[in-house]
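1. with the sequence up front, the predicted model follows.
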Amino acid sequence: MHWSQAIAKAIIAQRGERRHVVATGITPSGDIHIGNLREIIIGDAVRNALVDMGVDAKLIYIADTFDPLRRRYPFLPPEYEQHVGKPLSEIPDPGGCHSSYSEHFLVPFFESLDELDIRIEILRADVMYKSGLYVDAIKAALVQRDNLAKILEEISGRHLPDDWSPFSPLCDVCGRLSSTVVTGYDITNNEVYYECECGHKGVTSMSGGGKLTWRVDWAARWKILGVTVEPFGKDHAAPGGSYDSGKRIAHEIYNYRAPYPIPFEHILLKLREGDKARVTAMSSSRGTNIPIREILEVVPAEILKHLIWRVRPDRHIEFDPSTALLHMIDEYEREIGGIGKGIAAEIPFRHFLTLVQVARGDFNELLAVIRRSGYEIPTDAEELAAIRKKARYAQNWLQRYAPPEYRFEVQKSVPDESLKQLTEAQKRVLRMLAEAISSDRNLSAGEWHNKIYEVATTVGIEPKQAFQAVYIALLNKPSGPRAGWLLASLDAAFLRERFEAAAGTGENRK
Ligand SMILES: [Zn+2]
Ligand SMILES: [Zn+2]
């Protein structure tokens, strides 16, 4: 049983609701990375499992656009210092391309969700507040301020200041949420009185004129949206953490049953720096993250989804975009299916790495290379597009994450200097390989593979040395991709000439 089915079963067994709302949410304060994606993939898997079990369920995503900017992150220009404390929805886009700071990070993320084919209802916190959806929850929180403070103090073990309020008014003058203190409120007119550090004293509306503090907001939102299931990072699940306080606030203040919790472990990023590997938590502000859209330029959505889907939420995932990602793609194509459709799906990703490098990034040349490798070129536009797409994934992976041993270049001329290291026996191998191409017909990958072994035996050297001679003659390095595939993808006349030249035909001939 997949973990999502086990969770769905437990939800149905424990709760009586006939309609489930699975909630996810992220504060869009920076690039939304694949660590954040785990929450959505878990929510999506559980929602699908519930639906498969005949239960009505939907998945929602709440963008915390009304959260204040906590500090000026390293990727922000110095003038953003003035925006610290303002809601993300009210700050200009640092890239200058969207309507606000939060939209700048949300829009590409939503595009990625489309590509991942995740059906999700999107809500923005600033819109929810401005539309008045929170008014009742704000009133209840203000009226029960002392009870809330008691709950939070008991759960977190921290003492709250005397002027603490569950509501943070938005200052009319400086636009900050983080610098105001509530001095009173008017339940009938839905207004809150405040004083700000900037010196302003004012009155603000409960509809968009401020927000509930995070722990209170979370519980209020459960009730407002009818949330019954929620995946969240394990830190929220720690004793004394926000889920513990949310549970009590939901029950004691809002008379609502807290959602079924699905705490999950982090995705750790394995970064390579030279020969060393470093495992680190993903963090947008520290620059140790890979935005989802960037990964989707290297692997198709189904692989990214699979990477997260296959691991139980309580296990951490170590994401290594280098060799480990390639192994995972191999495994996926072997066990689940080839990436793309038609020919693109038939040719393994690993082989694409060879093909695109032989073709040097030229699409027409790539088609020629594919034809030489023994595949028929499709005429169907969609199939051609699938080839183009897979080639782009391969190129991007090679460029960004491939260790050097995966990169090669077929040498345009004979690498004379390196050829000096070849032994006479190795040269004989190359000569015999040249002779194997009798006409202009190239051999297939399988035939080449066998041929190299056969020739090595005839000459009386280790196959490894025979392969080494082939790589040096073609790539000017002693190792390379699978030789059969490489040779089959090259032009027959070119190969024959190159092997002859590298063998020094004419000299040393018996
Ligand atoms: Zn933008
Ligand atoms: Zn102010």
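-> Nice, thanks for sending it over. Ligands and ions are numbered 1, 2, ... in the order given.
2. for ligand 1, give me its nearest residue in the stretch 101-250 of the chain.
-> Residue of the stretch 101-250 of the chain nearest ligand 1, by Cβ to the ion: residue 104 (3.4 Å). Bear in mind the C-beta positions are built from the backbone N, C-alpha and C, glycine included.
3. next up, the contacts around that residue.
-> Going by Cβ atoms under 8 Å, 6 or more residues apart in numbering, residue 104 touches 93-95, 97-98.
4. could you dump the residues you listed into a markdown table with distance to residue 271 and pLDDT added?
-> Below are the contacts of residue 104 laid out as a markdown table (distance: Cβ to Cβ, whole Å; pLDDT from 0 to 100):
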| residue | distance to residue 271 | pLDDT |
| --- | --- | --- |
| 93 | 29 | 97 |
| 94 | 25 | 95 |
| 95 | 25 | 94 |
| 97 | 28 | 97 |
| 98 | 29 | 97 |
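5. buried ones among these?
-> 94, 98 (16 or more other Cβ atoms under 10 Å).
6. what about the contacts of residue 104, which are in strands?
-> Counted as lying in strands by DSSP state E, out of the contacts of residue 104, is not a single one.
7. ok, residue 219 to residue 122 distance?
-> Here the criterion is Cβ to Cβ, to the nearest Å. By it, residue 219 lies 21 Å from residue 122.
8. those two: who's more crowded?
-> Shown here are residue 219 and residue 122; by other Cβ atoms under 10 Å, residue 219 has more neighbours (30 against 12).
9. mind telling me what element the more buried one is part of?
-> For residue 219, the host element (DSSP states H and E) is helix 214-225.
10. and that helix, C-alpha only, in PDB?
-> Below are the C-alpha coordinates for helix 214-225, written out as PDB (Å, rounded to 0.1, in the frame of the first residue of the first chain):
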ATOM      1  CA  TRP A 214       0.800  33.500  12.600                       C
ATOM      2  CA  ARG A 215      -0.200  30.900  15.200                       C
ATOM      3  CA  VAL A 216      -3.700  32.400  15.600                       C
ATOM      4  CA  ASP A 217      -4.100  32.900  11.900                       C
ATOM      5  CA  TRP A 218      -3.400  29.200  11.200                       C
ATOM      6  CA  ALA A 219      -6.100  28.000  13.500                       C
ATOM      7  CA  ALA A 220      -8.600  30.700  12.300                       C
ATOM      8  CA  ARG A 221      -8.000  29.700   8.700                       C
ATOM      9  CA  TRP A 222      -8.800  26.000   9.500                       C
ATOM     10  CA  LYS A 223     -12.200  27.100  10.500                       C
ATOM     11  CA  ILE A 224     -12.800  29.700   7.800                       C
ATOM     12  CA  LEU A 225     -11.900  27.200   5.000                       C
END
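11. below-threshold pLDDT in the stretch 151-300 of the chain: ranges please.
-> The stretch 151-300 of the chain contains residues with pLDDT under 70 at 274-275, 283-287.
12. if you set the cut-off to 80 instead, what comes out?
-> Scanning the stretch 151-300 of the chain for pLDDT under 80 picks out 271-289.
13. residues of it that sit close to ligand 2?
-> Contact residues (Cβ under 5 Å from the ion) of the stretch 151-300 of the chain with ligand 2: 171, 173-174, 196, 198, 200.
14. next one, pLDDT for the residue of the stretch 101-250 of the chain closest to ligand 1 please.
-> Residue 104 is assigned 97 on the pLDDT scale.
15. which positions in the strand or helix carrying it come out as buried?
-> Using DSSP H and E, residue 104 maps to helix 101-115. Using 16+ other Cβ under 10 Å as the test for burial, helix 101-115 gives 101-106, 108-109, 112-113, 115.
16. need the strands for the stretch 151-300 of the chain, in chain order.
-> With strands called from DSSP state E, counting those that start in this stretch, the stretch 151-300 of the chain shows them at 167-169, 180-186, 191-196, 201-205, 210-212, 229-233, 260-264, 267-273, 276-281.
17. in the second one, what counts as buried?
-> What it means is strand 180-186. Buried residues in strand 180-186, defined by neighbour count with 16+ other Cβ under 10 Å: 180, 182, 185.
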